[in-house]
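> give me a model of this one.
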Amino acid sequence: MKKIYLLLSAAGVISLSACEEKGPAIDFGTTAVAKDTTYMAKVETPDKKVVLVEELTGASCTPCVPAREMLAGIVSQHEGQIAVMEMHIFANAPQTKPIKDHSQYDLRTDDGTEIQKAYYSDMIGIPVAGIDRVPVNNVNALTTPSWAGAIDKELQKTPPVNVKVKSTYDESSKNAVITITASYTQAVSKKQFLSVAILEKDIVDAQETTTGVEPNYTFKHTFRDMITGVNGDEFLKDQATKDAGRVYERTFIYPVDAKWKPENCVVVAYVHGEGENKEVLQAGETDLKGQ
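Below is the predicted model of the structure:
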């Protein structure tokens, strides 16, 4: 995870309307934060549910290819309602490793590995996936036969919070300015956390398949980095209940890794709980360079 900063504006300070409340400076540990913004507004109509899929996958994993294809089919049926993060992790299993003498890149990340340890410690192999971090029959790391049903169940939910993601990219500084807005459509009394991740699409590299190594395979949703803490950053700590109409906003300046293609990068943000209540309530995504 890179050091990031809350941006008050691209030039200096955002002009806040009279209804806005400026929050105090908050220490989020590894994230350097200047200030959060929160205010009350008219209660929004709930958006359609956007489901987060955290897919644990690998370049040396033969069954991971049909699993990705199956998931792509589900995504195509629900345009704009499924955010997929393909995470390559460090694990004591050959399927998670790059392909010796073939792979140009090592797509494994420390942050992805920490997410697997924190939320999917019951993983016994890949491919597996978490669907909104909601267990099915007490299992978090779901095998492929469970994916479609779990996704369909989550899609039926009405999210209590709308999540909007905006991003622009400055070519000269190589920084992205990312704004996340969480607007509560229902009152929520539990602790709330914001997680923001960077993905890169259309990475071409070697992949093990049933017919051998495909040297020019296209990886579509590769997880690159967490902007927030791996387990998310708690927000609105001083409010036991987040009332309907409460809006929370956070803006980051994020230095984009020079090895990535900004035009292929995607920002994914999601609001969730912790511990026994780690469910992802709503997700959102946008292109790093804006749309």
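> distance of Pro46 from Thr109?
33 Å (C-beta to C-beta, to the nearest Å). For the C-beta atoms, the positions are set from N, CA and C on the backbone; glycine is no exception.
> er, Gly130 actually
Look at Gly130 and Thr109: by C-beta to C-beta, they are 16 Å apart.
> next one: Val84
With C-beta to C-beta as the criterion, Val84 and Thr109 are 16 Å apart.
> likewise Asn216?
Distance, Asn216 to Thr109, by C-beta to C-beta: 22 Å.
> more neighbours, these two?
Thr109 (19 against 8; other C-beta atoms under 10 Å).
> contacting residues for that one?
Residues near Thr109 by C-beta atoms under 8 Å, 6 or more residues apart in numbering: Met87, His88, Ile89, Phe223, Arg224, Asp225.
> burial measure for the closest residue to the third one other than its chain neighbours, as a count.
Looking back up the chat, that one is Ile89. Spatial nearest neighbour of Ile89, excluding adjacent residues (C-beta to C-beta, 6 or more residues apart in numbering): Thr113 at 4.3 Å. Counted by other C-beta under 10 Å, the residues lying close to Thr113 total 18.
> likewise for Asp225?
20.
> can you tell me which of the contacts of Thr109 is nearest Gln104?
Among the contacts of Thr109, His88 lies closest to Gln104 (C-beta to C-beta), at 13.6 Å.
> hang on, that closest one packs against Thr222?
Yes - counting by C-beta atoms under 8 Å, Thr222 is a contact partner of His88 at 7.3 Å.
> overlap in contacts of those two?
With contacts defined as C-beta under 8 Å, 6+ apart, the residues shared by His88 and Thr222 are Leu107.
> can you list contacts of the longest helix belonging to the chain?
Criterion DSSP state H: the longest helix present in the chain is helix 64-77. Helix 64-77 is contacted from outside by 53, 55, 57-58, 82, 84, 86, 95, 126-127, 129, 144, 147-148, 151, 207-210, 217, 220, using C-beta under 8 Å, 6+ apart.
> wait, what's in contact with Glu208?
Going by C-beta under 8 Å, 6+ apart, Glu208 touches Ala59, Ser60, Cys61, Thr62, Val65, Ile99, Glu214.
> host element of the nearest residue to the fourth one once chain neighbours are set aside?
The one in question is Thr62. Leaving aside its chain neighbours, Thr62 sits nearest to Glu208 (5.2 Å; criterion: C-beta to C-beta, 6+ apart). Per DSSP states H and E: Glu208 is located in strand 203-209.
> report the inter-axis angle for that strand versus helix 64-77.
Angle, strand 203-209 to helix 64-77, by axes from the mean of the first three to the mean of the last three C-alpha atoms, to 10 degrees: 120 degrees.
> re the thing from before, now the longest helix of the chain: buried residues?
Neighbour counts over helix 64-77 (16 or more other C-beta atoms under 10 Å) mark Cys64, Val65, Ala67, Arg68, Leu71, Ile74, Val75 as buried.
> output the contacting helices and strands for the following helix or strand past that helix.
Later in the chain than helix 64-77, the nearest helix or strand by DSSP H and E is strand 82-88. When contacts are defined as 3 or more C-beta pairs under 8 Å, 6 or more residues apart in numbering; DSSP states H and E, strand 82-88 packs onto strand 51-57, helix 64-77, helix 110-119, strand 192-200, strand 222-226, strand 265-274, strand 277-287.
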